[in-house]
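**Q** Kindly return the folded structure for what I paste below:
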Amino acid sequence: MSVSNSHQISRYYDYYRDKEIVFTKANLKSLRMDPRQIYLKSNGGQWPCLINSSSLMFAKVLIGTSSGIYTQLQKNKSLNLSLRFCFIDLNNDLIHFFVNCNVAQIQPYAGSNDLVLVTLNFTQRPPDELISRLGEFIEVNENFKNRREERIAINKNSLRELQIPKEETYVFIANVPRKCIIKDLSFGGAKLMLVGVPKFLLNKQVDLRLMYLDTTEKIALPGIVVAADFLPGRKDIVICHVNFIEESIPMTYKFRINAYITSYQKQLIDNQILNQQKKERAEAEAERIRKEAAAKLAQTQAAANAATAGKTAAPAAAASTSAAKNTASAAQTQEAAANTQASSSQTK
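**A** Residues are numbered from 1 along each chain as shown. Predicted coordinates for the structure are as follows:
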């Protein structure tokens, strides 16, 4: 479980205070709660009880009808009580604390005469340790339902945040280990790259193995290959998509994925990717505009050149026409002079 800051703790309490967690064996293990260390305390004495469920506002516990606390509650149901919670940290040390509460309801449990279910309302906001543990557990399950297909691209940053040593790992196919490369992960599945043929992998049951840097625990993720295709340009490498079997997904894996997708670092990485995409789109748009402007400029220049050529040809034609006119006029003048001279000769 991750370390929660004050902002997260306040958010957990505001959003999930009335969400009830039933303490099944699997949930107790995920929360690292020690059920043998749960007690009810009152008037200087304390009695063991079985915790059935809890939210951040109330808890339900089982007590025996032969216990001393049950006798006291029968005499005074407004008795002030404290419920002792106990968790185990990553160093296997016990973390325990008390939550003040009062009795809201006492009822027989499953028709038994030996056990009763006692509902306890907390009289004040519980300690941050309880809010952090129960709040994160509820958030993980909420995100598992609502964000199970949100993909985490595997790169240096995400590997570091997920505490996964490297992208290379093993996937068991028909109980045979095969080397593969993880391309992405989500709550509900993974994309893997490995050597093979798509038609021989499709619909096969697989078992993806993960290891972490901060623990010796190995995670097994059973699933089914729902899609498989050759890597573009290759006929020996396959990209396959695996859907995990929901009821077999370990809570420790869910906690890891949830910690990443809700982390500030993930938001920074996403923003960097988004900014890079925006930059690439802007550069592509600028290049498109530049090419359009260059094409328009070329068209304008061609039109200008054509117009200039037309203007140059017009004066030359005019000069040629003028010269022809001058030549014709001179000929006409010479002819008139000749006619005049001939006329004068005849008169003489």
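
**Q** Centre-most residue in the chain?
**A** residue 150 (4.6 Å; C-alpha atoms, centre = their mean).

**Q** Let me see the ranges of the helices in the stretch 101-250 of the chain.
**A** 128-146, 156-162, 198-201 (DSSP state H, counting those that start in this stretch).

**Q** quick one, which of those is nearest to residue 217?
**A** helix 156-162 (13.7 Å; C-beta to C-beta). Just so you know, the C-beta spots here come from the backbone N, C-alpha and C atoms, and that holds for glycine as well.

**Q** May I see the buried residues of that closest one?
**A** Using 16 or more other C-beta atoms under 10 Å as the test for burial, helix 156-162 gives 158-159, 161-162.

**Q** Can you list the low-confidence ranges for the chain?
**A** The chain contains residues with pLDDT under 70 at 1-4, 264-270, 310-348.

**Q** rerun that using 90 as the cut-off
**A** Scanning the chain for pLDDT under 90 picks out the ranges 1-8, 43-45, 75-80, 90-92, 110-113, 174-175, 214-218, 262-280, 292-348.

**Q** Distance of the residue nearest to the centre of the chain relative to residue 186?
**A** Between residue 150 and residue 186 the computed distance is 6 Å (C-beta to C-beta, to the nearest Å).

**Q** same check, this time on residue 157
**A** In terms of C-beta to C-beta, residue 157 sits 17 Å off from residue 186.

**Q** just residue 89 next, same as before
**A** From residue 89 to residue 186 the distance is 29 Å (C-beta to C-beta).

**Q** Neighbour count: the two, which is higher?
**A** More crowded of residue 89 and residue 186, by other C-beta atoms under 10 Å: residue 186, with 17 against 11.

**Q** Can you point out the buried residues in whatever helix or strand residue 74 lives in?
**A** Using DSSP states H and E, residue 74 sits in helix 68-75. For helix 68-75, burial by neighbour count (16+ other C-beta under 10 Å) applies to 69-70, 72-73.

**Q** Ok, stretch 117-130 next?
**A** Buried, per 16+ other C-beta under 10 Å, within stretch 117-130: 117-120, 122, 126, 128-130.

**Q** Check stretch 80-98 too.
**A** 81-87, 95, 98.

**Q** Dump it to PDB, restricted to CA.
**A** Extracted in PDB, the C-alpha atoms of stretch 80-98 (Å, rounded to 0.1, in the frame of the first residue of the first chain):
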ATOM      1  CA  ASN A  80     -18.800   4.300  25.800                       C
ATOM      2  CA  LEU A  81     -16.600   1.900  23.900                       C
ATOM      3  CA  SER A  82     -13.300   2.000  21.900                       C
ATOM      4  CA  LEU A  83     -12.600  -0.400  19.000                       C
ATOM      5  CA  ARG A  84      -9.000  -1.500  18.700                       C
ATOM      6  CA  PHE A  85      -7.800  -1.900  15.100                       C
ATOM      7  CA  CYS A  86      -4.500  -3.700  14.300                       C
ATOM      8  CA  PHE A  87      -2.600  -3.700  11.000                       C
ATOM      9  CA  ILE A  88       0.800  -5.100   9.900                       C
ATOM     10  CA  ASP A  89       3.300  -2.800   8.200                       C
ATOM     11  CA  LEU A  90       5.800  -3.800   5.500                       C
ATOM     12  CA  ASN A  91       8.400  -4.500   8.200                       C
ATOM     13  CA  ASN A  92       5.900  -6.900   9.900                       C
ATOM     14  CA  ASP A  93       5.600  -4.600  12.800                       C
ATOM     15  CA  LEU A  94       2.100  -4.100  14.400                       C
ATOM     16  CA  ILE A  95       0.300  -0.800  14.000                       C
ATOM     17  CA  HIS A  96      -2.700  -0.500  16.400                       C
ATOM     18  CA  PHE A  97      -5.000   2.300  17.500                       C
ATOM     19  CA  PHE A  98      -8.400   2.900  19.100                       C
END
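
**Q** Just send the buried residues of stretch 80-98 back as CSV, with secondary structure too.
**A** Shown next, in CSV, are those (DSSP: H, G, I helix; E, B strand; the rest coil):
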residue, secondary structure
81, strand
82, strand
83, strand
84, strand
85, strand
86, strand
87, strand
95, strand
98, strand
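
**Q** out of these, which one sits closest to residue 192?
**A** residue 87 (35.6 Å).

**Q** Setting aside sequence neighbours, what's the nearest residue to the closest one?
**A** Excluding its sequence neighbours, the residue lying closest to residue 87 (C-beta to C-beta, 6 or more residues apart in numbering) is residue 95, at 4.6 Å.

**Q** wait, the one you found sits on residue 128?
**A** No: with contact defined as C-beta atoms under 8 Å, residue 95 does not reach residue 128; the gap is 11.5 Å.

**Q** ok, back up a step: closest to residue 113 out of the buried residues of helix 68-75?
**A** Of these, the one sitting nearest to residue 113 (C-beta to C-beta) turns out to be residue 70, at 11.9 Å.

**Q** Kindly provide the distance from that closest one to residue 141.
**A** For residue 70 relative to residue 141 (C-beta to C-beta), the value is 33 Å.
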